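> the amino acid sequence is not available; the structure is as follows:
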């Protein structure tokens with residue numbers, strides 16, 4: 001396998017992942033494998049079907065991710081990659097965005113692409129929103 005630029009790979013992955021999440025969450029299934037694990041706000045979910053079921057059952061249908069940062073590092077002798085993303089998540093009909101952060105551990109496939117081995121997601125309301133209710 002030729003050496004790939006981690007920054008270019010992570011940027012392309014992030015664009016594809018969030019574009020797909022925002023328009024067709026079921027389409028994310030191809031990015032996971034049976035050994036993949038998602039931790040969503042502390043809940044651990046393993047396997048393609050379970051992960052997609054979780055993502056498609058979230059209590060909102062329409063959203064738009066606005067990415068603020070993407071950081072990546074090569075990971076280990078298997079040519080994996082850690083990708084850390086932060087940004088805002090705007091839900092349809094909501095005035096205030098949610099801040100989110102997400103970490104992906106990408107692993108190479110024999111075909112030369114990558115799949116998501118680990119995915120950790122966390123979100124919280126913007127402080128401005130919290131202040132409205134305190």
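Thanks, I have the structure now. This structure is a prediction, so every number in the text was calculated from the model and none was measured. Numbers count the residues shown, from 1 in each chain.
> now the spatially closest residue to residue 62 that is not a sequence neighbour: phi and psi?
Leaving aside its sequence neighbours, residue 62 sits nearest to residue 92 (Cβ to Cβ, 6 or more residues apart in numbering; 3.6 Å). Heads up, the C-betas are built off the backbone N, CA and C, glycines and all. With angles defined as degrees, to the nearest 10, residue 92 sits at phi -60, psi 130.
> what packs against the helix or strand where residue 82 lies?
For residue 82, the element it lies in under DSSP states H and E is strand 80-91. With contacts defined as 3 or more Cβ pairs under 8 Å, 6 or more residues apart in numbering; DSSP states H and E, the packing partners of strand 80-91 are helix 6-23, strand 63-75, strand 98-108, strand 114-125.
> would you confirm that the residue nearest to residue 62 contacts residue 63?
Yes - if you go by Cβ atoms under 8 Å, residue 92 and residue 63 touch, sitting 6.6 Å apart.
> what sits against the residue nearest to residue 62?
60-63 (Cβ atoms under 8 Å, 6 or more residues apart in numbering).
> neighbours around residue 47, how many?
Neighbourhood size, residue 47 [other Cβ atoms under 10 Å]: 15.
> quick check: closest non-adjacent residue to it.
Per Cβ to Cβ, 6+ apart, closest to residue 47 is residue 34, 5.2 Å.
> tell me the confidence at the one you found?
Looking at residue 34, its pLDDT stands at 97.
> got the contact list for it?
46-48.
> show residues contacting the strand holding residue 82.
Outside strand 80-91, the residues within contact range by Cβ under 8 Å, 6+ apart are 6, 9-10, 13-14, 60, 62-75, 97-108, 114, 117, 123, 126.
> quick check: PyMOL command selecting the buried ones in those.
Command for PyMOL that selects the buried part of the contacts of strand 80-91, burial taken from 16 or more other Cβ atoms under 10 Å:
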select buried, resi 6+9+10+13+14+63+65+70+72+75+97+98+99+100+102+103+104+105+106+107+108+114+117
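> hang on, residue 11 packs against residue 69?
No - judged on Cβ under 8 Å, residue 11 makes no contact with residue 69 at a distance of 11.5 Å.
> still on that earlier bit, now, the contacts of residue 34 that are in strands?
residue 46 (DSSP state E).
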